[in-house]
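Undergrad: next one to model:
(chains A and B)
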Protein chains: 2
Amino acid sequence: VTLNRDAVGQRSETVRRANLSAIVRELHLHGPLSRSNLVTRTGLTRSAIRALIGEFVGAGIVSEERSAPLGAPGRPSPVVRPDPESSMVVALEISVDSLAVALVGFGGKVLELERVDRPRAHLSVDDIVADLADRARPLLKRVPATGALLGVGVAVVGVVRRTDGFVRMAPNLGWKDVPLGDVLRRALGLRVPISLANEADLGALAEHRRGAAAGVDDVLYISGEVGVGGGLIVGGRPLTGAAGYGGEVGHIPINHDGAACRCGSVGCWETEVGEMALLRRAGHAQSGGREGVEAVLRDAAGGWDAALGALDEVGRWLGIGLAGLVNVFNPQLVVLGGLFQRIHPFVARTIELELDRLALPVSRSLVRVVPSALAADAPLIGAAEMAFEAFLADPAIWLRDREALAVVQSA
Amino acid sequence: VTLNRDAVGQRSETVRRANLSAIVRELHLHGPLSRSNLVTRTGLTRSAIRALIGEFVGAGIVSEERSAPLGAPGRPSPVVRPDPESSMVVALEISVDSLAVALVGFGGKVLELERVDRPRAHLSVDDIVADLADRARPLLKRVPATGALLGVGVAVVGVVRRTDGFVRMAPNLGWKDVPLGDVLRRALGLRVPISLANEADLGALAEHRRGAAAGVDDVLYISGEVGVGGGLIVGGRPLTGAAGYGGEVGHIPINHDGAACRCGSVGCWETEVGEMALLRRAGHAQSGGREGVEAVLRDAAGGWDAALGALDEVGRWLGIGLAGLVNVFNPQLVVLGGLFQRIHPFVARTIELELDRLALPVSRSLVRVVPSALAADAPLIGAAEMAFEAFLADPAIWLRDREALAVVQSA
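TA: Residues are numbered from 1 along each chain as shown, chains lettered A, B, ... in the order given. Take a look at the predicted model:
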């Protein structure tokens, strides 16, 4: 029910660019495809596909090869194969317990990935950025010299203004109002676009494109750590909100006589389901971190009551919060990420029971709750996908400017 | 971040139809516009606009007139005027306390509108449909004989499956699993499309197109009656959910030790902010209905403590629930409809204070809370807009089939 501006005032050049985009997107998301398959998927004619593929072959970003006949009748359709080494993005992640860097090629191939633990102590923006830049440099060395680097995507455990990568708040990092996009741009010394977003939003994007929610249009991705983040896919598109701050499900007021939250409010969802709530209920120190969580999971696997009871209580509050979100969003799928992916086996049944009790039957009957498929790497993969987006949306610009986009490395 | 299917495989006929759609939509939403204004709004060339307008003039749905020169330099641009009598829809509403019918013309002109009280007693589907059909017949007599009726839109206080207008549940009507779309189709004896939706979803659509939220892309419309409904606009588009059941904000669990809800759950938002909660807190009978609410508002205006205290408590819980929704959706605007529009002057300040206390500052600072502009008629106007949608999306089909679409009235 919106004005279809895409189709207003279309000229043939606009149509050509849209068609290039459709082909590139299919190849990026699904990998090598036969020309016949591309005809089916894009709705373009066979001759249009041939001409457009020719442009990509000329630019060196796809190759074509004759497929094996497989005994099928008729002429075999050539297979179009995206070349991951031709066009790449760098993905970075600043998470509660780790930093990560990755080099991802066209077609979604992960060429390099490094994840290192980091202490939870509050480090300065400059220290973290310097560390990330040091780890990114060897990856950048692998990028061919001209125009092959499309962009950099960054996942941050915080509330990020999308337009300029300004971190409004990141309580787990101890940051407030940090121009992280600018700082990273200077540190990396690259001339390609750098985009930043909240890590739960990017986890949702990754699960939607390449994980548990592939092909599903209405998805809630709920990720637990110290805090609780949400990434929402509505009608096939990410819900960002007016300024990119949407999805902060961790701060839904859920228990009016509950505990004080780090955000300054009271009884937020994360005070009942976050890592500290789990540790506290299991009789551990709230500050026990990942090791504490591992201990609780070991105890639960061993059948210890305190651990099982704590997980059950977290599962109950997870179900209560999810019931409200299911009623509001009518999703087909809830994907549990981060901490919630790890505890899923212990909380799955309680969540289902709470949904039965609290969600409206019409929406409840349509929804499944599953663990994340990409697990801890979901936000990093999502950051790569975000960095690919400008290329996927208008590859014509990149084909034209390819020679002009030299990789300028500061190192 | 979605596959732009609109632009895939476009042919010139597709482009022409999209351009016709863009023009019709501008005229419908904004009324008479000069050709120059249409050029600016659609991005089409002056000559394209002239040719396409010619088609509409030929079909008799718009007229052109030379505008007064107004002393401006240059040739005055002709004004294109939608003809409300040329293309109409019928809107119907089944609400808690009333039934309503309207005839709305192209351009949004309300040609007829009748609203009648109805008792809250549970009436049969057949009785209500017969009553609505009787009231719709005089309106249909006003429709010119051939092809001028585009469709029928129906707002229902219940959970509606969009695909076929099947009412899954309507506790206020005492209905469950009612094929209302089919029953209405038979009773009206019309061959035009009939579409049904939840009344809060349609209230949101109406406020977004013609009310308090015109031009705003991220909107929460929250409507109170006996129950609480929500209609959500996300990135300019209605959030429907996987099956059209989205927006059921009334059943967000908000008070874990709260009262039993009619839905079978406990502590739902509507048990704290719905009409019965207001009446109970003000010392009235819960079943007091509209008269009870009017009495509370009179008492509050007169400064009576019991009424003011009850409104304040409802405002507090409204603020608590809105804080969570603001954190999840990061909207620019919250529009309060129905009961909440009527009590707005008494609860506005408390809502703001609760948002200050509970919502994340980044999202809180961006959101305004305003009363509905269309008040009680928002769902009915939204039903009309829904009925216009197929015409707005592809007017070419309607121009072609105009002669074939005879209005067949059963009366």
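
Undergrad: can you name the residue of the stretch 51-200 of chain A nearest chain B?
TA: In the stretch 51-200 of chain A, the residue that lies nearest chain B is A:R168 (4.6 Å; Cβ to the nearest Cβ). Where you see a C-beta, it was placed from the backbone N, CA and C, and this is true even at glycine.

Undergrad: so which helix or strand takes in A:A136?
TA: helix A:125-141 (DSSP states H and E).

Undergrad: which strands and helices lie in contact with the helix or strand where A:F56 lies?
TA: A:F56 belongs to helix A:46-59 when assigned by DSSP H and E. Identification of packing neighbours for helix A:46-59 by 3 or more Cβ pairs under 8 Å, 6 or more residues apart in numbering or on different chains; DSSP states H and E yields helix A:12-30, helix A:35-42, strand A:62-65, helix A:395-401.

Undergrad: out of the ones you listed, nearest to A:A383?
TA: Comparing the helices and strands packed on helix A:46-59 against A:A383 with Cβ to Cβ, the closest turns out to be helix A:12-30 (15.2 Å).

Undergrad: any part of the closest one near chain B?
TA: Yes - using Cβ under 8 Å from any Cβ of the partner chain, helix A:12-30 reaches chain B at A:T14, A:V15, A:A18, A:N19, A:S21, A:A22, A:R25.

Undergrad: most neighbours among those residues, which one is it?
TA: Of all these, the highest neighbour tally under other Cβ atoms under 10 Å in any protein chain shown goes to A:A22, namely 25 neighbours.

Undergrad: that one reaches A:V39, doesn't it?
TA: No - look at A:A22 against A:V39 with Cβ atoms under 8 Å: they stay out of range, at 11.3 Å.

Undergrad: I'd say the residue of the stretch 51-200 of chain A closest to chain B and A:W175 touch.
TA: No - with contact defined as Cβ under 8 Å, A:R168 does not reach A:W175; the gap is 9.2 Å.

Undergrad: identify the contacts common to the two.
TA: A:G158 (Cβ atoms under 8 Å, 6 or more residues apart in numbering or on different chains).

Undergrad: and whatever residue of the stretch 151-300 of chain A ends up closest to chain B, how far is that from B:E248?
TA: Of all residues in the stretch 151-300 of chain A, A:G241 sits closest to chain B, at 2.4 Å by Cβ to the nearest Cβ. Using Cβ to Cβ, to the nearest Å, A:G241 is found at 20 Å from B:E248.

Undergrad: again, but for A:G319
TA: 17 Å.

Undergrad: neighbour count: those two, which is higher?
TA: Counted by other Cβ under 10 Å, A:G319 and B:E248 do not tie: B:E248 has more neighbours, with 29 against 25.

Undergrad: residues in contact with that one?
TA: By Cβ under 8 Å, 6+ apart, the contact set of B:E248 is A:N327, A:V328, A:N330, A:L360, A:S363, B:V159, B:G229, B:G230.

Undergrad: need these in a markdown table with secondary structure and neighbour count, can you?
TA: Written out in a markdown table, the entries for the contacts of B:E248 read as follows (DSSP: H, G, I helix; E, B strand; the rest coil; neighbours: other Cβ atoms under 10 Å in any protein chain shown):
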| residue | secondary structure | neighbour count |
| --- | --- | --- |
| A:N327 | helix | 29 |
| A:V328 | helix | 28 |
| A:N330 | coil | 27 |
| A:L360 | coil | 22 |
| A:S363 | helix | 26 |
| B:V159 | strand | 25 |
| B:G229 | strand | 27 |
| B:G230 | strand | 27 |
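
Undergrad: give me the contact list for stretch A:254-272.
TA: Applying Cβ under 8 Å, 6+ apart, the set of residues contacting stretch A:254-272 is A:171, A:227-228, A:249-253, A:277, A:314, A:317, A:320-321, A:324, B:253-256, B:320, B:323-324, B:357-360.

Undergrad: of the residues you listed, which belong to strands?
TA: A:V228 (DSSP state E).

Undergrad: was I right about A:G244 contacting A:T163?
TA: Yes - using Cβ under 8 Å, A:G244 is in contact with A:T163, at 7.3 Å.

Undergrad: looking at these two, which is more packed in?
TA: Neighbours were counted for A:G244 and for A:T163 using other Cβ under 10 Å; A:G244 has more, 22 against 10.

Undergrad: contacts only, for that one.
TA: Applying Cβ under 8 Å, 6+ apart, the residues contacting A:G244 are A:V160, A:R161, A:R162, A:T163, A:A197, A:N198, B:N330.

Undergrad: do that again at 7 Å, thanks
TA: A:V160, A:R161, A:R162 (Cβ atoms under 7 Å, 6 or more residues apart in numbering or on different chains).

Undergrad: narrow these to those in strands?
TA: Using DSSP E, the contacts of A:G244 in strands are A:V160, A:R161.

Undergrad: relative to the next helix or strand after the helix holding A:A136, what are the paired strands and their orientations?
TA: Using DSSP H and E, the helix or strand that follows helix A:125-141 in sequence is strand A:149-156. Next to strand A:149-156 in the sheet, as set by DSSP bridges, lie strand A:88-94 (parallel), strand A:194-198 (parallel).

Undergrad: between those strands, which one is closest to B:V335.
TA: strand A:194-198 (26.5 Å).

Undergrad: how about the strands in the stretch 151-300 of chain A?
TA: For the stretch 151-300 of chain A, the strands defined by DSSP state E, counting those that start in this stretch cover A:159-161, A:166-170, A:175-178, A:194-198, A:219-224, A:228-234, A:237-238.
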